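**Student:** here is the input, now give the coordinates:
(2 chains)
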Amino acid sequence: MVDYTPTEMMTVSASRALKNDDVCFVGIGMPSAACNLARLTHAPELTLIYESGTIGTKPDVLPLSIGDGELCETAVNTVPVPEMFRYWLQGGKISVGFLGAAQLDKYGNINTTVIGDYDDPKVRLPGGGGAPEIATSCGEVFLVMKQSKRGFVEKIDFVTSLGHGKGGDDRASYGVDTKGPSRLITDLCIMEPHPVGKYFIVTSIHPGVTREDIIENTGWTVEFADEVAETPVPDAHELQVLRDLHARTAKAHEGQQ
Amino acid sequence: MVARFMSLKEAVASCIKDGDTVSMEGFTHLIPHAAGHEVIRQGIKNLTLIRMTPDMIYDQLIGAGCAKKLVFSWGGNPGVGSLHRLRDAVQEGWPHKLEIEEHSHAAMANAYDAGAAGLPCAVFKGYRGAELPRVNKNIKFIECPFTGESLAAVPAIRPDVAVVHAQKVNKKGDVLFEGIVGVQKEAVLAAKKSIITVEEIVDNFDDVPYNAVMLPNWAVTAIVEVPGGAHPSYAQGYYKRDNAFYKAWDKIANDRDSFTAWIDEHVMKGGPEDFAAKRAANKG
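**Tutor:** Down below sits the predicted model:
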């Protein structure tokens, strides 16, 4: 059996959620690793779009920032940022948005703005960037985030981006007709929205993880689906490709002084 | 009005005044660092700084006390973490309290577009279910007169001055941008005045593709040749992003004393000519 880390398990699981014909709006960090892994393994035709304007980019190494030169050099086209948000995102041309969060609630509402009060924050985070509209304009949203009580909270301090709102049909009440967060991939498990309540329930648990591990690392009361699967482990090929990608990335970024 | 070639010192002194609204754009690429340093050197104060992605250069301007207000949609050190000077100003009021007006990227991109188009506001499908409209009075919702749909509206961005960096300018003063072009064109066209720093002045643009992003000389105010002027960001075709420096900034900016020492050494005692060496070091 191949050895892997929880982070590798999470990245591989997230990458498997993407299909070959998806057009994906990629956030930096873990989403970027997952999306490029998918492109280098089971989904070679996957279209990756970064908010800096690059469409159909195929970077050889993971970008350190959303606007690295290689994203542009390997893209089908690079468009101005207003066009990216107006035609491509708002125009409904993107099937999946891939987002992370600082805080998340059980309905998949995202906070990347502040911890604490907005006017007197404990921690001022970078802010929403593209996320408020990625969350509402992409066909569906995949969330990827390491599980912890600090991040997975009953009530987020600030709603940067809409998930399923207060649950049920609340999302639609904002005039939003896209699916919203349809999958939450963590280092412990995979969660999907309850068909009616739209709160996340655990549908697949990573090998070696117990239900107690998940409960202990979640700030809301965790529900499990009637039938919970065991997440398939990363295969040797996926791990090799992912590790090679990270090794190339580390080398490329260290090479500059 | 035709663009004038001038020195960086002259361009900043003649275009940017205390209290102005200034937009220094660049979406990771082509960020006008040399021009930002000149603003700090000239001690210009009370600026309202606008930018979608305020990163290191705005961290420097804020920490140096040039800004009274920041209008932004994502404030961080891309790929590295937080902007410590921005955080310190917001959380602790150092060197003084900073007013913030926060938007999403889509809002600001649309607001620049509206500014360039001469519209008073931008209308778009945004902020649905998001909480920013609660804390930012410049986000409102209007009803589409045709469909009844609720749409977000934000005021157009119309800076006093836009500052951007580009690859090339020809002898007539026409400006060429390539690669990730962000909102630079919109920022310049939305602004009353503009300063364009460029990598080089060329005789003509014989080898430029038909659809490259251009600003004709009559659409810009001041042009300054500053080789390497975007360092530590990058200029496609000239030099790479200095990722090591972005990482190093995290430590420099984390502490008020080390930040101040860095500004004294590298900005106050420096000049635009220092950037050429950075360009040579990051070629590749």
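**Student:** let's test this: mean pLDDT of stretch A:169-177, rounded?
**Tutor:** Averaging pLDDT along stretch A:169-177 yields 97.
**Student:** show me which residues of the stretch 1-150 of chain B are close to chain A?
**Tutor:** B:27-29, B:52-53, B:72-76, B:78-80, B:82-83, B:86-87, B:90-91, B:102, B:104-106, B:109-110, B:112-113, B:124-132, B:135, B:149-150 (C-beta under 8 Å from any C-beta of the partner chain). Where C-beta positions appear, they are placed from N, C-alpha and C, glycine not excepted.
**Student:** out of these, which are buried?
**Tutor:** With neighbours counted using 16 or more other C-beta atoms under 10 Å in any protein chain shown, the residues of the stretch 1-150 of chain B next to chain A contain these buried positions: B:27-29, B:52-53, B:72-76, B:78-80, B:82-83, B:86-87, B:90-91, B:102, B:104-106, B:109-110, B:112-113, B:124-132.
**Student:** return the subset of these lying in strands.
**Tutor:** Of these, the ones assigned to strands by DSSP state E are B:72, B:102, B:124.
**Student:** tell me where chain A has strands.
**Tutor:** A:23-26, A:47-50, A:54-55, A:77-78, A:96-99, A:103-104, A:110-111, A:114-116, A:121-124, A:140-144, A:181-185, A:189-193, A:200-205, A:224-230.
**Student:** same list (the ones you listed) but as TSV, adding mean neighbour count, distance to chain B and mean pLDDT.
**Tutor:** Below are those laid out as TSV (neighbours: other C-beta atoms under 10 Å in any protein chain shown; distance: least, C-beta to the nearest C-beta, whole Å; pLDDT from 0 to 100):
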stretch	mean neighbour count	distance to chain B	mean pLDDT
strand A:23-26	24	11	96
strand A:47-50	26	9	96
strand A:54-55	24	7	96
strand A:77-78	16	6	95
strand A:96-99	28	12	96
strand A:103-104	26	12	98
strand A:110-111	26	9	97
strand A:114-116	18	9	96
strand A:121-124	15	5	88
strand A:140-144	23	12	97
strand A:181-185	24	12	98
strand A:189-193	24	15	98
strand A:200-205	21	17	98
strand A:224-230	11	26	98
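**Student:** in CSV: those strands, plus distance to residue B:119.
**Tutor:** What follows is those, written out as CSV (distance: least, C-beta to C-beta, whole Å):
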stretch, distance to residue B:119
strand A:23-26, 26
strand A:47-50, 27
strand A:54-55, 26
strand A:77-78, 26
strand A:96-99, 28
strand A:103-104, 36
strand A:110-111, 30
strand A:114-116, 31
strand A:121-124, 31
strand A:140-144, 31
strand A:181-185, 34
strand A:189-193, 39
strand A:200-205, 41
strand A:224-230, 49
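**Student:** quick one: closest of these to residue B:1.
**Tutor:** strand A:77-78 (30.4 Å; C-beta to C-beta).
**Student:** could you say what helices and strands that closest one packs with?
**Tutor:** Packing partners of strand A:77-78 (3 or more C-beta pairs under 8 Å, 6 or more residues apart in numbering or on different chains; DSSP states H and E): strand A:54-55.
**Student:** centre of the chain to the strand it packs on, how far?
**Tutor:** 18 Å (C-alpha atoms, centre = their mean, to the nearest Å).
**Student:** dump the lowest-mean-pLDDT helix or strand in chain A to CSV, keeping only the CA atoms.
**Tutor:** Least confident helix or strand of chain A, by mean pLDDT, DSSP states H and E, is strand A:121-124 with a mean of 88. Written as CSV, here are the backbone C-alpha positions of strand A:121-124 (Å, rounded to 0.1, in the frame of the first residue of the first chain):
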residue,chain,number,x,y,z
PRO,A,121,-11.6,43.1,14.0
LYS,A,122,-9.5,40.7,16.0
VAL,A,123,-7.9,39.6,12.7
ARG,A,124,-8.2,41.5,9.4
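**Student:** what's that strand packed up against?
**Tutor:** Checking 3+ C-beta pairs under 8 Å, 6+ apart, strand A:121-124 ends up next to strand A:114-116, helix B:84-92.
**Student:** list the contacts of the residue of the stretch 51-200 of chain B found nearest chain A.
**Tutor:** Going by C-beta to the nearest C-beta, chain A is nearest to residue B:129 of the stretch 51-200 of chain B, at 3.0 Å. By C-beta atoms under 8 Å, 6 or more residues apart in numbering or on different chains, the residues touching residue B:129 are A:136, A:159, A:161-162, A:165, A:171, A:174, A:176.
**Student:** how close does it get to residue A:102?
**Tutor:** Distance of residue B:129 to residue A:102, computed by C-beta to C-beta, to the nearest Å: 18 Å.
**Student:** and if you look at residue A:112?
**Tutor:** Counting by C-beta to C-beta, the gap from residue A:112 to residue A:102 is 5 Å.
**Student:** just residue B:55 next, same as before
**Tutor:** Counting by C-beta to C-beta, the gap from residue B:55 to residue A:102 is 18 Å.
**Student:** any low-confidence regions in chain B?
**Tutor:** Within chain B, no range satisfies pLDDT under 70.
**Student:** ok, which stretches of it are strands?
**Tutor:** B:4-5, B:21-24, B:47-51, B:67-72, B:99-102, B:121-124, B:140-143, B:150-155, B:161-170, B:175-177, B:193-202, B:213-215, B:222-225.
**Student:** got the ones in strands among the buried ones among the residues of the stretch 1-150 of chain B next to chain A as JSON lines, with distance to residue A:202 columns?
**Tutor:** Below are those laid out as JSON lines (distance: C-beta to C-beta, whole Å):
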{"residue": "B:72", "distance to residue A:202": "37"}
{"residue": "B:102", "distance to residue A:202": "34"}
{"residue": "B:124", "distance to residue A:202": "36"}
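**Student:** what does stretch B:115-127 contact?
**Tutor:** For stretch B:115-127, using C-beta under 8 Å, 6+ apart, the contacting residues are A:85-86, A:90, A:132-133, A:136-137, B:104, B:106-107, B:110-111, B:113-114, B:133, B:139, B:141-142, B:151-159, B:185-186, B:189-191.
**Student:** also stretch B:260-272?
**Tutor:** Counting by C-beta under 8 Å, 6+ apart, B:7-8, B:34, B:37-38, B:40-41, B:60, B:63-64, B:224, B:226, B:229, B:252, B:274 sit against stretch B:260-272.
**Student:** mind checking which of those land in helices?
**Tutor:** Among the contacts of stretch B:260-272, the residues falling in helices (DSSP state H) are B:8, B:34, B:37-38, B:40-41, B:60, B:63, B:252.
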